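A.B. asks: let me see the structure of the following:
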Amino acid sequence: MTQYAFYLNVDNCIGCKVCGMACMEKNDLLPGMRFRRILLNSTGSWEKDASGLYVANGVFAYSLSVACNHCARPACVEQCPTGAMVKDSDTGIVSSDPETCIGCGTCGEACPYGVPFVDPERNIARKCDFCQEYLAVGEVPPCVGACSMNALEYGDIEELREKHSDAVSSIDPLPSPDLTGPSLLLVPPAKYADGLDITNFNLPEELEACGR
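C.D. replies: Coordinates of the predicted model:
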């Protein structure tokens, strides 16, 4: 069995959102609908020195291009009441059957990444299906092909692991990979360090007031 996965070199991702736009165009998504999202994360603090000036301490930001992770233990599949959400035994790709889906939204609530959503016009769950029709004819998924920085790759997860031995399955602010076993590999930014609280980046009150 092949397990298709996405790989992201976080340092190469510039947050341009071209991958997301290519995905939207291919899947005819309405504004506000996203199969692929670009998250901006920042960390560090500002500290006042002896002279009263604020100095940046470990401040940096990075972008994450994320989609469905086609997990080894997909919560969306486990919780779907009709069996509409399925994981392909040959490719590992998770997709939703529009004929079986009742649009209840249970899949999106169960997913720790919040990936599936209910299309209000069609009343069915929708999400990234790895552009299976492209893979079937040997073509590159549009999101990967559109990345001008070569930050995104795809392929069998074991081959990607062998190629990128320094990759991990999660960095802040993504949830623990222990929850669902995501088929996702990331090379963290060079400045990233374990233990940094990416989600708690606050300016001192004085600096924050200057921006108002």
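A.B. asks: can you map out the helices along this protein?
C.D. replies: 18-27, 75-79, 106-110, 132-136, 142-146, 157-163, 205-210 (DSSP state H).
A.B. asks: ok, the most centrally placed residue in the chain to residue 174 distance?
C.D. replies: Taking CA atoms, centre = their mean, the centroid of the chain lies closest to residue 66, which sits 1.7 Å from it. Residue 66 sits 7 Å away from residue 174, going by CB to CB, to the nearest Å. All C-beta spots, glycine's among them, are computed from the backbone N, C-alpha and C.
A.B. asks: and what of residue 14?
C.D. replies: Counting by CB to CB, the gap from residue 14 to residue 174 is 19 Å.
A.B. asks: sorry, back to before: just confirm the residue nearest to the centre of the chain contacts residue 113, I think it does.
C.D. replies: Yes - counting by CB atoms under 8 Å, residue 113 is a contact partner of residue 66 at 7.2 Å.
A.B. asks: what sits in contact with each of the two?
C.D. replies: Both residue 66 and residue 113 are contacted by residue 174, under the criterion CB atoms under 8 Å, 6 or more residues apart in numbering.
A.B. asks: residue 148 - nearest residue in space that isn't next to it in sequence?
C.D. replies: residue 18 (6.5 Å; CB to CB, 6 or more residues apart in numbering).
A.B. asks: quick one: contacts for the one you found?
C.D. replies: Listed by CB under 8 Å, 6+ apart, the contact set of residue 18 reads 146-148.
A.B. asks: would you turn the helices of the chain into a markdown table with distance to residue 7 and mean pLDDT?
C.D. replies: Formatted as a markdown table, the helices of the chain follow (distance: least, CB to CB, whole Å; pLDDT from 0 to 100):
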| stretch | distance to residue 7 | mean pLDDT |
| --- | --- | --- |
| helix 18-27 | 13 | 97 |
| helix 75-79 | 22 | 98 |
| helix 106-110 | 25 | 98 |
| helix 132-136 | 15 | 96 |
| helix 142-146 | 9 | 98 |
| helix 157-163 | 5 | 98 |
| helix 205-210 | 37 | 44 |
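A.B. asks: kindly reformat these as JSON lines containing distance to residue 120.
C.D. replies: JSON lines is the format used below for the helices of the chain (distance: least, CB to CB, whole Å):
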{"stretch": "helix 18-27", "distance to residue 120": "15"}
{"stretch": "helix 75-79", "distance to residue 120": "19"}
{"stretch": "helix 106-110", "distance to residue 120": "13"}
{"stretch": "helix 132-136", "distance to residue 120": "24"}
{"stretch": "helix 142-146", "distance to residue 120": "23"}
{"stretch": "helix 157-163", "distance to residue 120": "33"}
{"stretch": "helix 205-210", "distance to residue 120": "37"}
